[in-house]
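Student: sharing a model that was predicted from the sequence below.
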Amino acid sequence: MSDSQPDFTRLAELAAGLGLHQHLCLIYDTREEQFAAALPYLRTGLERGEKCLYVVDENTAAAVLDALRKSGTDVDRYLRSGALTLAHKQDTYLKQGRFDPDWMIDFLTQAIAEAGAAGCCGLRTLLGEMTWVLGSSDATDKLIEYESKLNRFIRNHDARLICQYHRTRFPPELILAVIRTHPLVVYGGVVCRNPYYVPPEEFLKPNQAAQEVERLLSNILAWERAQQALRQSGERWRAVFENSAVGIALTDCISTRFQAANFAFQKMVGYPEGELRALTFMDITYEDDREPNRKLLSELLEGRRHSFAMEKRYRRKDQSLIWVNLHVSLVPGSASIPRFSLAIVEDITERKRAEEALRRSEAYLVAGQRLSHTGSWAWNVRSGEMYWSRETYRIFGFDPATTTAGVNETFLPRIHPEDRPRIEKGIKAAAIQKGAYGIDYRIVLPDGAIKHIHDVVYPVTGETGDVVERYGVIMDVTERRGAEEALQKSRDQLRALAARLQSVREEERTKVAREIHDELGQALTAIRISLSSWSRDLATDKKQESEPILKLVDETIQSVRRISTELRPAILDALGLVAAVEWAAGEFEARTGIKCRLDLPTNDIVIDQERATALFRIFQETLTNVARHANASEVEVRLAKGEGNLTLEVHDNGKGITGEPLLSATSLGILGMQERALLLGGDFAIVSSPGEGTTVRVRIPETHLPPPKDGK
């Protein structure tokens, strides 16, 4: 052991999580280390409703009970119910006056069989302080035989067992034999799989040296193969990292400096990796976007988020600005302290430019409406006489000094040939039509130019109730119509670009998720195997130094799996939409504690990948909004197929949406869900009342229908 103190912070969690059919030896130097594993292990068994047996020797029963009470366990209740039994060596190991391994195995077998009668789910948690054996020389000789036979016993019984050995009180030769008879060893605050374990079938037979030589040679060969796999996996991961089309950057959570960046990210920001290592991510973040970014990262480090996504601007090395969408997750450095953050970064500058072009088109439309000229007219139905204002003459391209305003002589010849039959029919009907109406048509000027006209017509009735006169307001809406066409074109282009971006994003997410899982995951697993083998070969006083590295690798593997799943759940591609919705609901319920009630088809819905992805992403975003804003305790989810449509409906019993429009332009998540539905020719709706919860409903056709051109 080194002079530094072992870290017992995770030992309680690991000891409490041990499953059935496991046989461990706890080798400890201090009482603190002994109880750090034994008490959580015992307490968990009691909380599961199991019967627990603790054979004390070095510690008194009173000391064990006092330690349990201090840890928050209701000891008296468990003693009264018989769930907890503390025994001494005279009641167990030496009850026959001597130690007999076979008798002790029979004793444990009978105790397990009888435990169910006490109202527990069985004698499943066993602990033994093994210092009792030091007082008997013949027991020492039989101890290792007993430990080996326990391995066979534990395979056939629903129990778990920890044998506790005080390292400084046992001779090294005996500790060495103890290690060889336990598949799991707890030491220095760590639960370890034992590479030196010898199965009972081998240990209890004489002349087992040949089998041990075979095992050691196999371990040596496995070590070398693991080294080769590690090198190959490292090369593959580096290739995936460098050649990914999406930017990937790793930053230190403490200093926020860049630790690594792939070629795509370097190209995106204009800095080579060497220069990036001297910068923090805030150094290249646009000034106005730093505070929102800093707030999200703070929530991530404080554990209020598992990850976050945001759109922000980077200032490139040449001082130009680009828009990016980034997804950030943590890579822990230890059990409780995050060390690195990993960002997946997309350049969305072109999309932002398209959105800006759309806003400019809308501004031009408003300006065009203000600049449109308006004229007026009046028409005597009986005489046919027509009056035009000066602006009306100008709109139709006539000189008022030389032109007589007449329906047949002046007005009709200017009408576009394609629109004239409709207008002539309208003139004939005007004599009897008593309501106001509007009409649109085109006129052709002498130079061939075409204008778009909007005419609003009002009737004037005589004493008999007949229409005797018409008057109206005429507007030149050519500029507005052009702006509308430009706006529609921009919308169509933006929608096409959005559809393409969605497709590319999902493809890239799928690719990155697969590469991270297959390449990085395999590389880290190989590293874990190699480090474990390397750690076993270290001197005893050096083993502790390797444990933080092994912890870091284990936690990094878990982070990589989580990031891969968040990027693109493999279940969506492998098992389909229904299974993916069920999985996402289960993850949401486990993460938030909000109950999910599912009404799903018994069989998967057979649809194309585009529709499945859209519905799944809308479902994910809806659950995210429920967790963030709804303050709900339950969510009802319905997925159905019928009448040529697919319908997804999510209702929560939360506080409802108040104080803002349900489809607020500032709610990017809601707008994103709405756009996904529109891209597939569907519709999206939110219904909410204060105190009565919120319902999100999306319906898309089973086959492709183009979205409505008015965007509604």
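Tutor: Now that the structure is in, tell me what you want to look at. Just so you know, these numbers come straight off a predicted model, no measurement behind them. Numbering: from 1, shown residues only.
Student: list phi and psi for residue 156.
Tutor: For residue 156, the backbone dihedrals are phi -100, psi 0 (criterion: degrees, to the nearest 10).
Student: burial count for it?
Tutor: Residues near residue 156, counting by other Cβ atoms under 10 Å, number 9. All C-beta spots, glycine's among them, are computed from the backbone N, C-alpha and C.
Student: residues contacting residue 281?
Tutor: Residues near residue 281 by Cβ atoms under 8 Å, 6 or more residues apart in numbering: 249, 251, 256, 258, 293, 343.
Student: again, 7 Å this time
Tutor: Listed by Cβ atoms under 7 Å, 6 or more residues apart in numbering, the contact partners of residue 281 are 251, 256, 258.
Student: from residue 296, how far off is it?
Tutor: The spacing between residue 281 and residue 296, counted by Cβ to Cβ, to the nearest Å, is 12 Å.
Student: walk me through the domains of this structure.
Tutor: 11-205, 244-347, 373-476, 569-712 (automatic domain parsing).
Student: off-centre distance for the second one?
Tutor: In terms of Cα atoms, centre = their mean, to the nearest Å, the gap separating the centre of domain 244-347 from the centre of its chain is 18 Å.
Student: any idea how far residue 162 lies from residue 32?
Tutor: According to Cβ to Cβ, residue 162 stands 16 Å off from residue 32.
Student: of those two, which one has the most company?
Tutor: Each of residue 162 and residue 32 has its neighbours counted (other Cβ under 10 Å); residue 162 has more, 24 against 11.
Student: contacts only, for the more buried one.
Tutor: Residue 162 touches 24, 26, 38, 41, 127, counting by Cβ under 7 Å, 6+ apart.
Student: now with 6 Å, please.
Tutor: Contact analysis of residue 162 by Cβ atoms under 6 Å, 6 or more residues apart in numbering lists 24, 26, 127.
Student: from the residues you listed, which ones fall inside strands?
Tutor: 24, 26, 127 (DSSP state E).
Student: out of these, which comes closest to residue 149?
Tutor: Relative to residue 149, the closest of the ones in strands among the contacts of residue 162 is residue 24; by Cβ to Cβ it sits at 15.8 Å.
Student: I'd guessed the closest one sits against residue 183; true?
Tutor: No: no contact is recorded between residue 24 and residue 183 when judged using Cβ atoms under 6 Å, the distance being 7.9 Å.
Student: looking at those two, which is more packed in?
Tutor: residue 24 (24 against 15).
Student: for residue 384, grab the count of nearby residues.
Tutor: If you count neighbours by other Cβ under 10 Å, residue 384 ends up with 10.
Student: just use 379 as the starting number from now, easier for me
Tutor: Got it, first residue is 379 now, which makes that one residue 762.
Student: for it, give me phi and psi.
Tutor: According to degrees, to the nearest 10, residue 762 has phi 80, psi 0.
Student: do you have the strands of the stretch 479-628 of the chain handy? List them.
Tutor: In the stretch 479-628 of the chain, the segments counted as strands under DSSP state E, counting those that start in this stretch are 501-507, 538-544, 562-565, 568-571, 625-630.
Student: starting at the chain centroid, how far to the second one?
Tutor: By that I understand strand 538-544. 40 Å.
Student: Provide the strand pairings for it, with the direction of each partner.
Tutor: In the sheet, strand 538-544 lines up against strand 400-406 (parallel), strand 501-507 (parallel) (DSSP bridges).
Student: tell me the angle the following helix or strand past the first one makes with strand 538-544.
Tutor: To tie it back to what came earlier, the one meant is strand 400-406. Later in the chain than strand 400-406, the nearest helix or strand by DSSP states H and E is helix 409-425. On the basis of axes from the mean of the first three to the mean of the last three Cα atoms, to 10 degrees, helix 409-425 is oriented at 160 degrees to strand 538-544.
Student: hey, C-alpha coordinates of helix 409-425 in PDB?
Tutor: Extracted in PDB, the C-alpha atoms of helix 409-425 (Å, rounded to 0.1, in the frame of the first residue of the first chain):
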ATOM      1  CA  ARG A 409     -11.900  -1.000  10.300                       C
ATOM      2  CA  GLU A 410     -13.000   2.000   8.200                       C
ATOM      3  CA  GLU A 411     -12.200   0.100   5.000                       C
ATOM      4  CA  GLN A 412     -13.900  -3.100   6.300                       C
ATOM      5  CA  PHE A 413     -17.200  -1.300   7.200                       C
ATOM      6  CA  ALA A 414     -17.100   0.800   4.000                       C
ATOM      7  CA  ALA A 415     -17.900  -2.300   2.100                       C
ATOM      8  CA  ALA A 416     -19.600  -4.600   4.600                       C
ATOM      9  CA  LEU A 417     -22.200  -2.300   6.000                       C
ATOM     10  CA  PRO A 418     -23.700  -1.100   2.600                       C
ATOM     11  CA  TYR A 419     -23.600  -4.700   1.400                       C
ATOM     12  CA  LEU A 420     -25.600  -5.800   4.500                       C
ATOM     13  CA  ARG A 421     -27.900  -2.800   4.500                       C
ATOM     14  CA  THR A 422     -28.900  -3.400   0.800                       C
ATOM     15  CA  GLY A 423     -29.800  -7.000   1.600                       C
ATOM     16  CA  LEU A 424     -32.000  -5.900   4.400                       C
ATOM     17  CA  GLU A 425     -33.800  -3.300   2.300                       C
END
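Student: partners of the helix or strand just after it, with directions?
Tutor: The helix or strand immediately downstream of helix 409-425 is strand 429-433, counting by DSSP H and E. Looking at strand 429-433 with DSSP bridges, its partner strands are strand 462-465 (parallel), strand 501-507 (parallel).
Student: format the domains of the chain as TSV; extra columns: distance to residue 929.
Tutor: Listed next are the domains of the chain as TSV, based on distance: least, Cβ to Cβ, whole Å:
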stretch	distance to residue 929
domain 389-583	8
domain 622-725	6
domain 751-854	72
domain 947-1090	23
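Student: how about CSV for the ones you listed, with distance to residue 927 and mean pLDDT added?
Tutor: Converted to CSV, the domains of the chain look like this (distance: least, Cβ to Cβ, whole Å; pLDDT from 0 to 100):
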stretch, distance to residue 927, mean pLDDT
domain 389-583, 12, 84
domain 622-725, 10, 86
domain 751-854, 74, 79
domain 947-1090, 29, 80
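Student: so which of those domains gets nearest residue 925?
Tutor: Among the domains of the chain, the nearest to residue 925 by Cβ to Cβ is domain 389-583 (5.4 Å).
Student: just to revisit the earlier point, which of the strands paired with strand 429-433 sits closest to residue 822?
Tutor: Nearest to residue 822, of the strands paired with strand 429-433 and by Cβ to Cβ, is strand 501-507 at 93.6 Å.
Student: and the closest one, how far from the chain's centre?
Tutor: For strand 501-507, the distance to the chain centre is 40 Å (Cα atoms, centre = their mean).
Student: contacts for it?
Tutor: By Cβ under 6 Å, 6+ apart, strand 501-507 touches 416, 423, 428-436, 489-490, 493, 536-537, 539-542.
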